[in-house]
Structures are given as C-alpha cells and as structure tokens.
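Peer 1: with the input below, show me the fold.
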Amino acid sequence: MEVVTLSDLAPILAAVVGPMLAIMLAMMRYQHVDSVKTRNLMYELIDKNRELIDRNRELIEKSSRENRGLIEKSNRETRGLIRENRELIEKNHSELTGSLGEVRERLSYIEGFLRQSPLPPSEGDAQAA
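Peer 2: As a prediction, this is how the structure comes out:
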C-alpha cells in the first residue's frame, strides 16, 4: 500500500472543492441580487398602495361631502313641500268650511221658502255635539 500525502490530494481537493465553492458563491450572489430586486419591488408596491389608499380616502371623503349636500338639499325640498301641503290643506279646509256655511244658508232659505221647520236633532246628533 502506498502512502498518499496531503500534497498529492491537494489537486484532487482543489478540483472537487473549488467548483463547489464557486457554485455556492454564485448561488449566494444570485440569491442576494434576487432578494434585493424583490425588496425593491415590495417598496414600490407599498408606495403605490399608499398612493391608492390616499386617493381612495380622498374620493370617499369627496363623495361623502356630496352625499351630505344632496341629503341636506333633499331635506330642504321635503320641508318646503310639507309646508306647501299644509298651506293647501288649510286653504282647502277653510274653503270647505266656507262652502258648508253657504250650504247651510241655502238650506235654510229653501226650508223657509217651503215653510218647513227643520227636524229636531236626534239623540245621536246631540251626543256627537
């Protein structure tokens, strides 16, 4: 058996370990470059997302202001319509009351012309009054 010295194994070790170290260093460098690119893309996306969030917030606030304005306008219009309806109801009520007075006068005139006396009030009419 021959004795193999370390100096004899050095070229073999260099031939095996050298490419392995080179490949490991290349892979480490590739992974580092890739992680730097990924980190930069993440920062860009974070910035874009922040811009979009700010823009959405502004749009939401703008639409909220517009909606509040529309609601207030609708409330004012509704109150105006309610006021107009009340006025019309009161006007119709006074016209109806006035016409009832005229009808009573005409009925009295007709009864007087026909010389009929009005009917005595019934018990139901007395209780209603």
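
Peer 1: helix or strand: which one has the spatially most central residue of the chain?
Peer 2: Centroid check for the chain by C-alpha atoms, centre = their mean gives Ser64 as the closest residue, at 7.6 Å. Assigned by DSSP states H and E, Ser64 falls within helix 6-114.

Peer 1: so Glu2: helix, strand or coil?
Peer 2: Of the three states, Glu2 takes coil under DSSP: H, G, I helix; E, B strand; the rest coil.

Peer 1: which residues touch it?
Peer 2: Contacts for Glu2 were tallied using C-beta atoms under 8 Å, 6 or more residues apart in numbering; there are none. In short, each C-beta sits where N, CA and C put it, glycine included.

Peer 1: look up how far Asp8 lies from it.
Peer 2: 9 Å (C-beta to C-beta, to the nearest Å).

Peer 1: please apply the same query to Val16.
Peer 2: Taken as C-beta to C-beta, the span from Val16 to Asp8 is 14 Å.

Peer 1: look up how far Leu70 lies from the residue nearest to the centre of the chain.
Peer 2: With distances taken as C-beta to C-beta, Ser64 is found 11 Å from Leu70.

Peer 1: just Thr97 next, same as before
Peer 2: 40 Å.

Peer 1: Thr78 too?
Peer 2: 12 Å.

Peer 1: got it, and Arg83?
Peer 2: Taken as C-beta to C-beta, the span from Arg83 to Leu70 is 20 Å.

Peer 1: same question for Leu81.
Peer 2: On the measure of C-beta to C-beta, Leu81 and Leu70 end up 16 Å apart.

Peer 1: next, count neighbours for Asn49.
Peer 2: Applying other C-beta atoms under 10 Å, we find 10 other residues in the vicinity of Asn49.
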